[in-house]
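>>> sharing a sequence plus its predicted fold:
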Amino acid sequence: MKIITVLPGDGIGPEVTASAVRVLQSVFQNSKTEVQFIEKKIGGAAIDAYGTPLPQETIDQCKRSHAILLGAVGGPKWNQQSMQLRPEQGLLGIRKAMGLFANLRPVEAFQALVDASPLKRSFVEQVDFIIVRELTGGLYFGRPSERLGPNQDRVVDTLAYSRQEIQRVVEKAFQLAMKRRRKITSIDKANVLESSRMWRELVNETSKRYPEVAVTHQLVDSAAMQLITNPSQFDVLVTENMFGDILSDEASVLTGSLGMMPSASLRADKVGLYEPAHGSAPDIAGQGKANPLATILSAALMLRYSFDMDREAKQIEAAVRDVLNQGYHTSDLQIDRPDHRTVNTTEMTDRVISAINQNET
Ligand code: NAD
Ligand code: IPM
Ligand code: MN
C-alpha cells in the first residue's frame, strides 16, 4: 500500500491539490495500485486550526508516507504575523524536517505554449533544462536571522553551508546530468561570497568523478540574463537555495506561466515532496481560475521519483500535452489559435483525466 500525504495549504492550494489527487487516483486505478491519501494541514490553514503553521501531527504523518503532495501556503490574512507564525515557516519546516535537500524544477516548453511566453518563439522552442535548487540550507536557514541592537535597528540574515550540505546537492545534479545531456551550469556569486567559492570548489572536485559531464560556472546576475537571452544552452543548473528560488520563477516565464512549473523535493532515498513552484495566488483563489497543471505535473514527478512509475508519469505528461495541443488552457495562459478555449480548473483536470484514459485504451 502506498501512502501519500496531501497538504493542500492555502489560497489555490486546495484547488490544485484536489486536481492532482484526482489525476493520481485515475492513474493508480488503471495500474491497479493500492494507495491511501491522507490529508493534513499546513501553513495558514494550520495556524487557524492549531495556532502553528506546522503541527506535530502533520510532521508525523509525513514521516509515515512514501510521498507528499503539497499545494501552496500563505496569504494576506497571515502577513502581519511574527516570523515564526507565518504560513511560509510551515513549508520551510516540513522541507527541513523531512531532509529534502534537493529541489528539482524542470523547465520545458510545451509546443502549444511557445507563443504564450512573452519571449520570442525561437528562444523558447528549444528550452529543456532543470534547476536543481539546494533546499534546506543557505540564506533561508542560517542563524542568526534577527533584529539586533538596543533599538532593534540592525538586522542580520546568515548564509551558511557545511561542505556536506553542498556536496550532496551537487552530487544529485551530476547524477541527473548523466541521464540528460551531460551539461552542468553551477550558478553562484563567487566574486563576492565565500560560500560561493566553497560551492565552486566542491563542484570542481565532484566533476573529477564525472569526466563525461561538461561543467561551467556562471555568476548569478549574468545567469539571470542568460536564462532569457539564451535559455537553450542550459541542461542542469545547480545553485544555492535563494538563487534557485528567484531563478526558477524567472525561468517559468519560458513555459508561458508560473502555473506550469512543477517541482520535486528529494533526498537520498525515494521519499519526496511534490509541489508546484508557484504560491497560493490569493488574487485568484476560490474562483476556479487556478491552473492545475503545475501540480498535476508535480504528481507525474512523484510517480517517476518516488514510485518508479516512469511509464505512468509519461502518461500524465502526454495527456497534458494533448489537452494543450487541443487548444484548452486556463486563463493565466494565452494560446494563439482561433479555436483555443479558456477553461476552469475542474474542466482542465477532467480533460487531462480523459486524455489519460483515452491513451490507456
Ligand atoms: P504566487 O505564485 O502565489 O502568484 C504570483 C502570480 O502568479 C499571481 O498573479 C497569481 O495569480 C499567478 N499564479 C500563480 N500560480 C498560478 C496558477 N496555478 N494558476 C494561475 N495563476 C497563477 O506568488 P505571490 O503572489 O508572490 O505570493 C502569494 C503567497 O504565496 C505569499 O504568501 C507567498 O509567500 C506564498 N508562496 C508560497 C509558495 C509555496 O507554498 N510553495 C510559493 C511561492 C509563494
Ligand atoms: C517556493 C516559495 C517558498 C520558497 C516560500 C513560500 C517560502 O517561494 O517554494 O519557491 O521561497 O522556497
Ligand atoms: Mn519561490
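Thanks, I have the structure now. Ligands and ions are numbered 1, 2, ... in the order given.
>>> so T17 sits in a helix?
Yes. Assignment of T17 by DSSP: H, G, I helix; E, B strand; the rest coil places it within a helix.
>>> now do it against ligand 2, distance only.
15 Å (Cβ to the nearest ligand atom, to the nearest Å). Backbone N, C-alpha and C define where each C-beta goes, glycine included.
>>> residue in the stretch 251-361 of the chain nearest to ligand 1?
Closest approach between the stretch 251-361 of the chain and ligand 1, counting by Cβ to the nearest ligand atom: G279, at 2.4 Å.
>>> now G279, nearest residue through space, not along the chain?
If the residues on either side of it in the chain are set aside, G279 comes closest to A72, at 5.0 Å by Cβ to Cβ, 6 or more residues apart in numbering.
>>> contacting residues for the closest residue to ligand 2 within the stretch 151-300 of the chain?
Nearest residue of the stretch 151-300 of the chain to ligand 2: D245, at 4.3 Å (Cβ to the nearest ligand atom). By Cβ atoms under 8 Å, 6 or more residues apart in numbering, the contact set of D245 is R133.
>>> renumber starting at 42 from here on
With 42 as the first residue, the last one maps to D286.
>>> quickly find the element holding it.
helix 282-293 (DSSP states H and E).
>>> do P147 as well
strand 143-149.
>>> close to ligand 2, is that strand?
No. Strand 143-149 does not reach ligand 2 (Cβ under 6 Å from any ligand atom); its nearest approach is 7.7 Å.
>>> same check, this time on stretch 73-91
No. Applying Cβ under 6 Å from any ligand atom, one finds stretch 73-91 out of contact with ligand 2, separated by at least 8.9 Å.
>>> just to revisit the earlier point, what about the strand holding P147, average pLDDT?
Across strand 143-149, pLDDT averages out at 97.
>>> the very next helix or strand once past that strand packs against which elements?
Next in sequence after strand 143-149, counting helices and strands by DSSP H and E, comes helix 162-165. Packed against helix 162-165 by the contact rule (3 or more Cβ pairs under 8 Å, 6 or more residues apart in numbering; DSSP states H and E) you find no helix or strand.
>>> next one: helix 162-165 to chain centre, how far?
23 Å (Cα atoms, centre = their mean, to the nearest Å).
>>> tell me which residues of that helix come out buried.
Buried residues in helix 162-165, counted by 16 or more other Cβ atoms under 10 Å: F164, V165.
>>> parallel or antiparallel, which strands does whichever helix or strand comes after it pair with?
Toward the C-terminal end, the helix or strand that comes next after helix 162-165 (DSSP H and E) is strand 169-175. According to DSSP bridges, strand 169-175 forms sheet pairs with strand 143-149 (antiparallel), strand 277-280 (parallel).
>>> to ligand 1, which of these lies closest?
Taking those one by one with Cβ to the nearest ligand atom, strand 143-149 is closest: 10.1 Å.
>>> does stretch 294-306 reach ligand 1?
Yes. Against ligand 1, stretch 294-306 shows contacts by Cβ under 6 Å from any ligand atom at L299, G300.
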